[in-house]
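Visitor: Need the 3D shape of this:
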Amino acid sequence: MSVDRFYSRDEGALIKSYNPRTRGARIFINTFNIKNIVQESEQYTASIISSNSGSAIINGLYASNIQGIKSGLIFLEGIASVNMMNSTISNLKTVFAEPILNIRTNGTTAATTSLKLKNFILRDVYENGVLIFTNAGGIEIVDSEFHNIHECNKYNKCNPIDPELKMYSFLFENAIIYGSENVYLSSFNFTNNIFSDIYGMVGMEIPAGDVAMINNTITNSYFKNGFLYYTNYKFLHGTHNYSRLKFINNRSEKGTFINFNDVYGKGVTPTITCIQCSFVNNTAEKFGGIIYANARDEQYIDTIINFKNCEFIDNNAMLGKYNR
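Guide: Take a look at the predicted model:
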């Protein structure tokens with residue numbers, strides 16, 4: 001099936017499933033081409049799917065040229081879930097910055113997978129909202145690619161933030177993921193993915209929950225305050241594991257890979273482990289070619305960050321080549 005133009009107003013997503021009698025609709029889509037999606041809504045709305053119940057399995061979606069005022073791609077709440085595979089989405093432009101994949105489900109355990117992407121490609125996003133926001137449940141991304149996301153940061157030409165949402169700055173400062181502080185309710189599993197030309201204040205800020213990134217590549221990207229940002233201003237908890245990560249040719253101001261901002265001088269922190277990871281040709285414009293931390297003695301940050309069988313090649317900063 002092919003659609004040449006789709007126009008909507010007032011929170012009109014391409015697929016919308018709400019108000020279930022039981023557990024909601026079961027939606028199956030196979031091979032669907034759509035281009036030139038226009039949304040005119042003063043409220044946040046997802047362009048592809050918006051749901052609070054049921055499940056959607058989408059195989060072979062090809063969507064391009066999406067324009068909106070406050071648009072994202074997917075919005076899930078309640079007990080909704082999406083499994084998208086073999087799909088490509090490109091060229092998203094909105095007037096205001098909004099979360100792109102907005103997951104606000106009622107996941108009761110981290111094992112509840114709300115969003116699964118496999119063989120998924122997203123490229124050319126010209127808005128500054130976080131790629132993935134989640135407050136509970138699991139996010140699984142496998143064999144996927146993300147290219148040219150938030151390039152407006154590169155030229156300081158990002159679209160504005162709705163003044164009513166400025167208190168939620170975390171939705172716009174994070175480039176790839178912002179996870180909520182629901183301690184045991186979130187999990188992130190990324191395997192065999194490529195992230196290139198991604199721009200933002202921070203790469204990923206995950207205060208709580210478990211992270212497993214296996215055989216991923218992050219390259220040619222700019223994260224002003226580091227790819228991984230931690231601060232004990234928030235409650236931190238979880239186990240964050242990075243295995244066979246290739247972190248190549250990235251830039252930041254402080255700590256291209258990890259930036260730890262110690263606010264209180266104490267607090268619980270995640271355990272961060274990197275195994276067989278490669279850090280090559282990364283540059284911090286100020287401090288910490290790979291790690292920057294202003295941790296006080298009470299924090300013992302050296303006990304929570306572990307590198308095992310990793311390689312560090314040509315990483316630079318004004319002060320400190322590999323750490324602070």
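Visitor: Quick one: classify the residue nearest to residue 315 when sequence neighbours are not counted as helix, strand or coil.
Guide: For residue 315, the nearest residue in space outside its immediate sequence neighbours is residue 289; the separation is 3.8 Å by C-beta to C-beta, 6 or more residues apart in numbering. The way it works is simple: take the backbone N, C-alpha and C, and place the C-beta from them, glycine included. Residue 289 carries the three-state label coil when classified by DSSP: H, G, I helix; E, B strand; the rest coil.
Visitor: what's the distance between residue 289 and residue 257?
Guide: Plainly put, residue 289 is 9 Å away from residue 257 if you go by C-beta to C-beta, to the nearest Å.
Visitor: do residue 249 as well
Guide: Distance from residue 249 to residue 257, by C-beta to C-beta: 13 Å.
Visitor: can you check residue 224 too?
Guide: If you measure residue 224 against residue 257 using C-beta to C-beta, the figure is 13 Å.
Visitor: Let me see the contact set for residue 176.
Guide: 130, 131, 132, 146, 149, 195, 198, 200, 203, 204 (C-beta atoms under 8 Å, 6 or more residues apart in numbering).
Visitor: What about the residues you listed, which one has the most neighbours?
Guide: Ranked by the number of neighbours (other C-beta atoms under 10 Å), the contacts of residue 176 place residue 203 first, at 30 neighbours.
Visitor: how distant is the helix or strand where that one lies from the center of its chain?
Guide: Under DSSP states H and E, the secondary-structure element containing residue 203 is strand 202-205. Relative to the mean C-alpha coordinate of its chain, strand 202-205 is positioned 8 Å out (C-alpha atoms, centre = their mean, to the nearest Å).
Visitor: picking up where we left off before, any residues in contact with both of residue 289 and residue 257?
Guide: residue 282.
Visitor: Between those two, tell me which one has more neighbours.
Guide: Between residue 289 and residue 257, residue 257 has the larger neighbour count (other C-beta under 10 Å), namely 29 against 26.
Visitor: Could you verify my assumption that that one touches residue 291?
Guide: Yes: counting by C-beta atoms under 8 Å, a contact exists between residue 257 and residue 291, whose distance comes to 6.4 Å.
Visitor: quick one: low-confidence ranges for this protein?
Guide: Low-confidence segments of the chain, defined by pLDDT under 70, are located at 11, 20-22, 107-112, 153-173, 181-185, 232-236, 262-269, 295-302, 320-324.
Visitor: who does residue 214 bridge with?
Guide: residue 191, residue 243 (DSSP bridges).
Visitor: Contact partners for it?
Guide: Residue 214 makes contact with 190, 191, 192, 243, 244, according to C-beta under 8 Å, 6+ apart.
Visitor: measure residue 37 to residue 103 for me?
Guide: On the measure of C-beta to C-beta, residue 37 and residue 103 end up 21 Å apart.
Visitor: quick one: secondary structure of residue 114?
Guide: With three-state DSSP as the basis, residue 114 sits in strand.
Visitor: That one: how many residues sit nearby?
Guide: The local packing of residue 114 (other C-beta under 10 Å) involves 25 other residues.
Visitor: Now do the phi/psi pair for the nearest residue to it once chain neighbours are set aside.
Guide: When the adjacent residues along the chain are set aside, residue 114 lies closest to residue 137, with 3.7 Å between them (C-beta to C-beta, 6+ apart). Residue 137 adopts backbone torsions of phi 90, psi -180, taken as degrees, to the nearest 10.
Visitor: Isn't residue 137 up against residue 104?
Guide: No: with contact defined as C-beta under 8 Å, residue 137 does not count as touching residue 104 (9.3 Å).
Visitor: Give me the more crowded residue out of those two.
Guide: Between residue 137 and residue 104, counted using other C-beta under 10 Å, residue 137 has the larger neighbour count: 27 against 19.
Visitor: Would you mind measuring from that one to residue 209?
Guide: Residue 137 sits at a distance of 10 Å from residue 209 (criterion: C-beta to C-beta).
Visitor: what's the answer for residue 152, then?
Guide: Here the distance between residue 152 and residue 209 works out to 29 Å (C-beta to C-beta).
Visitor: higher neighbour count, the two?
Guide: Residue environment comparison for residue 152 versus residue 209 gives the larger neighbour count to residue 209, 26 against 17, counting by other C-beta under 10 Å.
Visitor: nearest residue to that one other than its sequence neighbours?
Guide: Sequence neighbours aside, residue 186 is the residue nearest to residue 209 in space, at 3.2 Å (criterion: C-beta to C-beta, 6+ apart).
Visitor: try residue 179
Guide: Counting by C-beta to C-beta, 6+ apart, the nearest residue to residue 179 once its immediate chain neighbours are dropped is residue 206, at 4.2 Å.
Visitor: contacting residues for that neighbour?
Guide: Applying C-beta under 8 Å, 6+ apart to residue 206 gives the contacts 177, 178, 179, 186, 188, 238, 240, 270.
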